[in-house]
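> Sequence isn't available, so here's the structure alone:
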């Protein structure tokens with residue numbers, strides 16, 4: 001939730017500067033991760049393997065399934081009755097989708113054709129780049145607070161070093177530890193301003209949304225120079241955070257929780273809440289129903305259900 005709110009704040013700022021539809025941009029930013037399973041991409045891998053006989057699991061495709069089928073508060077139709085532009089933007093905010101499609105995305109495409117071989121509208125492209133900006137910078141803050149890397153190590157990354165120099169020049173008498181939030185703020189500003197200027201350059205002459213979709217290339221993005229610097233930052237975060245031994249240990253435990261939980265429901269679907277029990281003996285339906293139920297869990301709820309059905313999980317201290 002925190003991440004999605006950050007993405008929405010960044011996305012609205014970029015959309016406003018570019019004269020785009022701010023409401024559509026915000027909707028895409030807030031909804032882009034709704035399909036995530038517990039434990040994020042670690043959980044996605046588990047569900048994909050557990051549901052292999054039913055077509056697997058994909059977080060992004062599950063976003064469409066959630067919004068068009070699973071969340072159905074209205075009596076006359078399934079889903080949330082979202083606009084085509086919203087669904088299209090969620091379906092391909094990361095760019096054109098190519099075959100083979102995840103089954104959940106194929107189902108949504110059959111009902112709401114998205115022209116998946118084209119780029120999405122500019123608002124969806126803004127949501128995608130805002131996602132990158134948000135997690136790049138939030139993960140810097142998280143990694144430092146968790147002790148996964150030091151500020152000195154982080155300053156070996158050129159983009160960070162440049163922003164740190166600007167921050168310390170403005171506040172020469174402030175202790176470094178108090179300047180980390182200002183560093184994150186500075187880097188977000190650098191990235192956002194770069195996207196705005198580069199996008200204005202790329203979209204010069206684009207007259208309407210359809211022309212943007214048919215341009216055949218990404219129109220919202222970083223300049224060449226900043227793209228290189230941002231990739232260096234991502235490489236640092238992968239090496240020192242996402243794939244750090246303490247994080248990988250937690251990932252392994254989390255995946256074990258979901259794998260055991262899925263197996264417990266598969267062995268006895270009656271363990272599911274009554275409203276979630278499959279309506280038939282169709283094995284594909286059963287697997288997808290279990291996947292839908294688990295994908296809607298929070299991390300904490302998944303752990304509690306594991307404790308009830310399987311037993312205590314060997315969670316690292318402080319998990």
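Cool, got the structure. For clarity, every value in this text was computed on a predicted model and none was experimentally measured. Numbering: from 1, shown residues only.
> Tell me the secondary structure at the residue nearest in space to the middle of the chain.
Centroid-nearest residue in the chain: residue 33, 4.4 Å away (criterion: CA atoms, centre = their mean). Look at residue 33: counting by DSSP: H, G, I helix; E, B strand; the rest coil, its state is coil.
> and the gap between the spatially closest residue to it that is not a sequence neighbour and residue 122?
Distance criterion CB to CB, 6 or more residues apart in numbering; nearest residue to residue 33, sequence neighbours excluded, is residue 4 at 5.7 Å. Bear in mind the C-beta positions are built from the backbone N, C-alpha and C, glycine included. Plainly put, residue 4 is 20 Å away from residue 122 if you go by CB to CB, to the nearest Å.
> More neighbours: these two, which one.
residue 122 (26 against 17; other CB atoms under 10 Å).
> So that one sits against residue 203, correct?
Yes: if you go by CB atoms under 8 Å, residue 122 and residue 203 touch, sitting 7.2 Å apart.
> Now for these two: what residues contact both?
Among the neighbours of residue 122, those also in contact with residue 203 (CB atoms under 8 Å, 6 or more residues apart in numbering) are 18, 212, 219.
> so residue 288 is in which element?
Using DSSP states H and E, residue 288 sits within helix 283-295.
> circling back: quick one: which of the shared contacts of residue 122 and residue 203 has the most company?
Top of the shared contacts of residue 122 and residue 203 by neighbour number is residue 212, holding 22 neighbours under the definition other CB under 10 Å.
> Helices of the stretch 151-300 of the chain, residue ranges please.
For the stretch 151-300 of the chain, the helices defined by DSSP state H, counting those that start in this stretch cover 151-154, 158-170, 180-202, 209-213, 224-237, 245-267, 283-295, 299-309.
> If you count neighbours, what's buried in the lowest-mean-pLDDT helix or strand in the chain?
Least confident element among the helices and strands of the chain, by mean pLDDT, DSSP states H and E: helix 209-213 (a mean of 91). Buried positions in helix 209-213, judged by neighbour count with 16 or more other CB atoms under 10 Å: 209, 212, 213.
> before we move on, what about stretch 40-51?
42, 43, 44, 45, 46, 47, 48, 50, 51.
> and of those, the nearest to residue 93?
In terms of CB to CB, no member of the buried residues of stretch 40-51 lies closer to residue 93 than residue 44, at 16.7 Å.
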